[in-house]
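In: turn this into a structure:
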Amino acid sequence: MNSSIPNENGRRRRRRPTSGSDVIAFPAMVALSFVFSYIVFALIVMDSKARDKLLDLSAGKKILITGASAGIGLAAVDNLYGHHNGPDLVIMGCRSMDKCEKARMDIITKYSKDKAKCNRNSEEKVCRAFPTELVCLELDLARNQSVRKFAKEVNGVLKRWNGERKKKTSLDILINNAGVAGPPTESVREAAELTMQINHYGHFLLTSLMMPSLLASEKGGRVVNVSSLAGYLWMPQFLYKILPSGLSNPNNYDPADPQYEKVLCAYEQSKRANLLFTNALQERFGGIHNFTAVASHPGYSRTSLPLTGFRFASENFRKFFAYNPVMSMSSDAGSLTTLKAALDLGKVSGGKFVGPIFGAIGRPVVVGTSLNPFLAFDKVTAGDGKQSVDILWDHSEQVIGEKFFRAK
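Out: Predicted coordinates:
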């Protein structure tokens, strides 16, 4: 066998024999590539075992989720209901009852075979005597009257549910998830800018009305305020400067106005308000009957938010932003940040902020606190401090027209 090969001049040269180091190097490189890929994958994705372990923490709890008919809220309900050892009760607060009931029935139908199999196999350890109950209630955060009516209906459901089981009327977790970015123009206005009303003031009022039930929780009530990357990446120190004359003014921003600065400013400030509200809740109620308040953000999750908002943008841009698969996560993956904040009481203590490990994507981790949302930028975001927290609290009480609940 001829071991020489022709070179570019037509002359033949001898083939270099393969060394032992070459034989070892290639498999080593392949192995290292697999190890590297596994590490990256592990950082990006929460595996099924970790997901089950997280959802196990929901067992026996009563949970209220706003904005539960779409996006992150719907995905959270789906995860909770579909888990074999999930919560006892999930109340879905939705603006549209038709959408809420459809979402509820879709989830029940999706898991009906698993539930039936579980019921037939009663000796199986993962099966529970009482499967998760899903309840739909109407909630329009744009109208304070609707918020108050919703709170009464929630307490009615809790009283009925707990009464049947001879337990205290209590709520374990409130997830303030509903949000808009350029709200629908047909929304009824309160005496406040509409984005702030839906994203913050409405939840501020709802939380106040639900505090007695949260403080009655034997497991320790928890509030989760779902914020956004926008809450601290753009203008983290601007809130307290514009509150008195800006976002509280219903005429300051028109949802149909194509000026993107107004749309984004309103959205960003409402999401920052979610973080400051979290800090204020934890400062005022943290430790009372083991109550805690935390915040989360879903990174870049593919939801319908850009389709229903962002009216300054073209339809093609909104579709791209909603469905773009590059450096984004599904709403199912995005909901895990909310669920970690809500359920993992051991690793997510009061005042913490949970988000994807890589900012826009990744498994859920604690990324900071409600005042210092992203630990790498503490010096940048720490400027809000107590001044903004206290101003926002007092201002929010003025907007809703009543004092926030006070513990006895």
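
In: contacts only, for residue 76.
Out: Shown here is residue 76, whose contacts under the criterion C-beta atoms under 8 Å, 6 or more residues apart in numbering are 65, 68, 175, 177, 335, 338, 339. In short, each C-beta sits where N, CA and C put it, glycine included.

In: among those residues, which are in strands?
Out: With strands defined by DSSP state E, the entries of the contacts of residue 76 inside them are 65, 175.

In: where is pLDDT lowest across the contacts of residue 76?
Out: Within those, the minimum per-residue pLDDT falls on residue 335 (93).

In: just the helices in the stretch 101-250 of the chain please.
Out: Taking DSSP state H, counting those that start in this stretch as the criterion, the stretch 101-250 of the chain contains helices spanning 112-120, 144-164, 194-196, 202-215, 230-233, 239-242.

In: neighbours around residue 108, how many?
Out: The number of residues packed around residue 108, counting by other C-beta atoms under 10 Å, is 14.

In: can you name the residues that contact it?
Out: Counting by C-beta under 8 Å, 6+ apart, residue 108 has contacts 81, 134.

In: do you know the pLDDT at it?
Out: According to the predicted model, the pLDDT of residue 108 comes to 91.

In: and it, how far is that from residue 136?
Out: Taking C-beta to C-beta, to the nearest Å as the criterion, residue 108 is separated from residue 136 by 11 Å.

In: burial measure for residue 80, as a count.
Out: Neighbouring residues of residue 80 were enumerated by other C-beta under 10 Å; the total is 23.

In: how about the one 4 residues further on?
Out: Close neighbours of residue 84, defined as other C-beta under 10 Å, add up to 18.

In: tell me if I am right that it is in a helix.
Out: No. Using DSSP: H, G, I helix; E, B strand; the rest coil, the assignment for residue 84 is coil, not a helix.

In: okay, buried residues for whichever strand or helix holds residue 265 please.
Out: Residue 265 is part of helix 260-285 when elements are defined by DSSP states H and E. Judged by neighbour count using 16 or more other C-beta atoms under 10 Å, the buried positions of helix 260-285 are 262-285.

In: what stretches of the chain score poorly on pLDDT?
Out: Low-confidence segments of the chain, defined by pLDDT under 70: 1-46, 113-130, 165-166, 183-191, 232-263, 304, 306-315, 317-323, 326, 373-386.

In: so who does the closest residue to residue 179 other than its chain neighbours touch?
Out: Sequence neighbours aside, residue 199 is the residue nearest to residue 179 in space, at 4.8 Å (criterion: C-beta to C-beta, 6 or more residues apart in numbering). Listed by C-beta under 8 Å, 6+ apart, the contact partners of residue 199 are 141, 178, 179, 180, 267, 270, 271, 273, 274.

In: the fifth one and residue 227 touch, don't they?
Out: No. Using C-beta atoms under 8 Å, residue 267 makes no contact with residue 227, being 10.9 Å away.

In: ok, back up a step: from the contacts of residue 199, which single one is nearest residue 93?
Out: For residue 93, the closest of those turns out to be residue 178, at 7.1 Å, with distances computed as C-beta to C-beta.

In: need the nearest residue in space to the closest one, chain neighbours excluded.
Out: Nearest-residue entry for residue 178: residue 67, 2.9 Å, with adjacent residues in sequence omitted and distances by C-beta to C-beta, 6+ apart.

In: measure the one you found to residue 295 for me?
Out: Relative to residue 295, residue 67 is positioned 15 Å away (C-beta to C-beta).

In: could you do residue 148 as well?
Out: Using C-beta to C-beta, we find residue 148 at a distance of 24 Å from residue 295.

In: could you do residue 407 as well?
Out: Distance from residue 407 to residue 295, counting by C-beta to C-beta: 21 Å.

In: who's more crowded, these two?
Out: Set side by side, residue 407 and residue 295 give different neighbour counts by other C-beta under 10 Å, the larger being at residue 295 (34 against 11).

In: show me the beta-bridge partners of that one.
Out: Applying DSSP bridges to residue 295 gives these bridge partners: residue 225, residue 353.

In: need the contact list for it.
Out: 224-227, 274-275, 278, 341, 352-354, 370, 373.

In: and residue 201, by the same measure?
Out: If a contact means C-beta under 8 Å, 6+ apart, then residue 201 has 144, 190, 192, 396, 399, 400 as its contacts.

In: let's go with 6 Å and repeat that
Out: Contacts for residue 201 were tallied using C-beta atoms under 6 Å, 6 or more residues apart in numbering; they are 192, 399.

In: any idea how far it is from residue 141?
Out: Distance from residue 201 to residue 141, counting by C-beta to C-beta: 8 Å.

In: can you check residue 327 too?
Out: From residue 327 to residue 141 the distance is 30 Å (C-beta to C-beta).
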